[in-house]
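*Asks:* The following block contains a protein sequence and its predicted model.
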Amino acid sequence: MSIYRSIFKKDLFKGQVILVTGGGTGIGRCIAHELAALGTTVVIAARKIEPLKTVQDEIQKLGGNCDTMLLNIRDAAMATQVIQDIVAKHGMLNGLVNNAGGQFMSPANQLTSKGFSTVVDLNLNGTFNMCKAAFDGYMGEHGGQIVTIVAETRNGIPRAMHTGAARAGIINMTKTLAIEWGPYNGIRINCVAPGLIISSGMKNYHETMVDLLAHSHWMNPTSRYGTESEVSAAVAFLLSPAASYINGVNLEVDGGSSLSKGNPEGDELMYNPEGSRHPVYVGWSEGVDNVHGIKHVDAPAKINELLRKYKAIGRSSKI
Ligand SMILES: CCC/C=C/C(=O)SCCNC(=O)CCNC(=O)[C@H](O)C(C)(C)COP(=O)([O-])OP(=O)([O-])OC[C@H]1O[C@@H](n2cnc3c(N)ncnc32)[C@H](O)[C@@H]1OP(=O)([O-])[O-]
Ligand SMILES: NC(=O)C1=CN([C@@H]2O[C@H](COP(=O)(O)OP(=O)(O)OC[C@H]3O[C@@H](n4cnc5c(N)ncnc54)[C@H](OP(=O)(O)O)[C@@H]3O)[C@@H](O)[C@H]2O)C=CC1
């Protein structure tokens with residue numbers, strides 16, 4: 001039987017408990033839905049309870065299992081407590097998806113020390129807090145899978161040097177943890193690095209930035225932005241037995257955008273201004289029109305309009 005037929009069946013993660021940080025919005029919400037649809041009891045955790053409760057309600061209406069917990073990943077004691085609560089309540093923790101994170105945009109010369117520290121603390125220290133808490137609280141003894149969402153950082157991130165530095169730190173930390181926690185603890189740990197993804201995260205940007213993004217979406221080898229589902233599919237794969245021999249890697253889900261910067265051959269070779277020839281992968285978040293009134297991707301209107309156009313490209317692969 002084909003590996004995909006046997007692995008990506010509906011009950012792929014049945015009986016498993018997986019924590020998704022930042023699971024109340026955007027990419028985290030989509031990951032939570034994908035995992036719940038594959039049989040996981042998914043625990044979503046973040047600072048604000050209302051978005052978590054909304055997603056829990058969506059998942060339960062679709063027949064999935066979802067729990068919610070309050071969490072600030074910058075608070076190591078809270079990270080420890082959340083893992084303890086999950087193990088006490090659900091008996092196990094098979095997977096951790098470090099999705100919570102973010103930054104503000106600023107040129108490096110205008111960054112203050114406090115602003116730099118805040119973003120490094122959120123992304124790098126926060127991810128460490130969660131990995132360490134998961135190790136101490138369950139995975140060190142029982143093994144498990146960890147996937148961390150970083151960002152495409154290959155050539156640096158102009159106007160987001162703080163987050164680029166933090167995410168590069170996570171990618172390196174992941175390699176070390178794969179070595180230290182693999183042989184004796186049975187933990188696999190990897191990263192997924194999204195390029196620009198149509199999601200609620202873009203609501204954090206200033207309007208001029210959104211306008212710019214709406215007009216420059218074709219400037220990568222896939223000639224479009226990515227979808228929440230495309231990131232979630234990579235996460236589900238890395239958590240699954242199909243990825244059993246993949247450890248310590250950073251999987252870029254960026255349409256090749258990290259390859260196409262500064263090519264001396266010129267824009268014509270790298271970009272197709274007429275639009276994308278690449279169908280989007282459509283998972284639950286773009287595929288469940290009007291089911292239980294569940295809201296679609298929650299990006300700024302101009303960006304959501306791009307997604308509507310993408311769905312018309314060729315044959316969208318739909319499950
Ligand atoms: C880039 C690659 C593509 C990635 C896309 C995505 O990730 S999409 C996903 C996007 N999603 C997200 O990013 C979601 C998560 N993001 C967040 O929670 C916030 O953006 C956070 C990262 C600032 C943390 O917030 P918090 O409440 O912990 O912190 P706080 O508000 O208390 O600020 C502390 C200090 O930081 C500084 N500073 C802050 N803002 C600005 C600014 N605009 N301007 C300048 N500086 C700023 C300032 O020094 C401030 O201290 P002050 O001077 O006030 O004493
Ligand atoms: N969209 C994109 O183009 C890209 C996104 N990414 C990354 O993907 C991840 C998801 O982004 P996206 O869904 O787009 O954006 P969102 O802003 O919607 O998601 C960020 C999530 O993180 C949670 N969060 C933030 N800070 C903390 C904290 N201290 N403790 C716990 N939870 C926290 C937020 O919930 P709450 O506020 O309730 O705590 C929110 O749910 C982020 O790490 C982001 O940086 C990377 C590259 C590109």
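*Replies:* Ah, there it is. Numbering: from 1, shown residues only. Ligands and ions are numbered 1, 2, ... in the order given.

*Asks:* What residue in the stretch 101-250 of the chain comes nearest to ligand 1?
*Replies:* With CB to the nearest ligand atom, the shortest gap between the stretch 101-250 of the chain and ligand 1 falls at G102, namely 2.0 Å. In short, each C-beta sits where N, CA and C put it, glycine included.

*Asks:* residues in contact with that residue?
*Replies:* Taking CB atoms under 8 Å, 6 or more residues apart in numbering, we find G102 in contact with V119, L122, N123, T163, G201, N204.

*Asks:* Can you turn the buried part of those into a ChimeraX selection?
*Replies:* Applied in ChimeraX, the following selects the buried portion of the contacts of G102 according to 16 or more other CB atoms under 10 Å:
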select :119,122,123,163,201
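
*Asks:* if we can go back for a sec, helix/strand/coil for the residue of the stretch 101-250 of the chain closest to ligand 1?
*Replies:* coil (DSSP: H, G, I helix; E, B strand; the rest coil).

*Asks:* Sticking with T68, tell me its helix or strand.
*Replies:* Assigned by DSSP states H and E, T68 belongs to strand 65-70.

*Asks:* what's the burial count for P183?
*Replies:* Neighbourhood size, P183 [other CB atoms under 10 Å]: 9.

*Asks:* give me the element it is part of.
*Replies:* Assigned by DSSP H and E, P183 falls within no helix or strand.

*Asks:* per-residue confidence at it?
*Replies:* As predicted, P183 sits at a pLDDT of 95.

*Asks:* Repeat that for D289.
*Replies:* 53.

*Asks:* immediately after the longest strand seen in the chain, which helix or strand?
*Replies:* In the chain, ranked by residue count with DSSP state E as the criterion, the top strand is strand 187-194. Using DSSP H and E, the helix or strand that follows strand 187-194 in sequence is strand 197-198.

*Asks:* Could you check stretch 176-187 and say which residues are buried?
*Replies:* Using 16+ other CB under 10 Å as the test for burial, stretch 176-187 gives L177, A178, W181, I187.

*Asks:* Could you dump these into TSV with secondary structure added?
*Replies:* Output for those, formatted as TSV (three-state DSSP):
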residue	secondary structure
L177	helix
A178	helix
W181	helix
I187	strand
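
*Asks:* just the contacts of G102 that are near ligand 2?
*Replies:* With the criterion set as CB under 6 Å from any ligand atom, the members of the contacts of G102 near ligand 2 are L122, G201, N204.

*Asks:* if I pick the closest residue to G164 other than its chain neighbours, what's in contact with it?
*Replies:* Spatial nearest neighbour of G164, chain neighbours left out: I157 (3.8 Å); criterion: CB to CB, 6 or more residues apart in numbering. Contact analysis of I157 by CB under 8 Å, 6+ apart lists A151, T163, G164.

*Asks:* Save these as a markdown table, and put in pLDDT and secondary structure too.
*Replies:* Formatted as a markdown table, those follow (pLDDT from 0 to 100; DSSP: H, G, I helix; E, B strand; the rest coil):
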| residue | pLDDT | secondary structure |
| --- | --- | --- |
| A151 | 97 | coil |
| T163 | 98 | helix |
| G164 | 98 | helix |
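
*Asks:* Tell me where the model's unsure across the stretch 1-150 of the chain.
*Replies:* 1-8 (pLDDT under 70).

*Asks:* how about the helices in it?
*Replies:* Assigned by DSSP state H, counting those that start in this stretch, the helices in the stretch 1-150 of the chain fall at 3-7, 26-37, 49-61, 76-90, 113-120, 126-134, 140-142.

*Asks:* Mind checking those for the one nearest to I303?
*Replies:* With CB to CB, the closest approach to I303 among the helices of the stretch 1-150 of the chain belongs to helix 26-37: 11.8 Å.

*Asks:* That closest one to strand 65-70, inter-axis angle?
*Replies:* If you take axes from the mean of the first three to the mean of the last three CA atoms, to 10 degrees, helix 26-37 sits at 140 degrees to strand 65-70.

*Asks:* now for helix 26-37, which elements pack on it?
*Replies:* In terms of contact count using 3 or more CB pairs under 8 Å, 6 or more residues apart in numbering; DSSP states H and E, helix 26-37 is assigned the packing partners strand 17-21, strand 41-46, helix 49-61, strand 65-70, strand 95-98, helix 228-239, helix 284-287.

*Asks:* Is that helix positioned near ligand 2?
*Replies:* Yes: using CB under 6 Å from any ligand atom, helix 26-37 reaches ligand 2 at G26, I27, G28.

*Asks:* so how far is that helix off the chain centroid?
*Replies:* How far helix 26-37 lies from its chain's middle: 9 Å, per CA atoms, centre = their mean, to the nearest Å.

*Asks:* In stretch 15-32, which residues are buried?
*Replies:* Under the neighbour-count criterion of 16+ other CB under 10 Å, stretch 15-32 has 16-32 buried.

*Asks:* Oh, that last question was meant for stretch 270-285, not what I typed.
*Replies:* Within stretch 270-285, the residues scored as buried using 16+ other CB under 10 Å are M270, Y271, N272, S276, H278, P279, V280, Y281, V282, G283, W284, S285.
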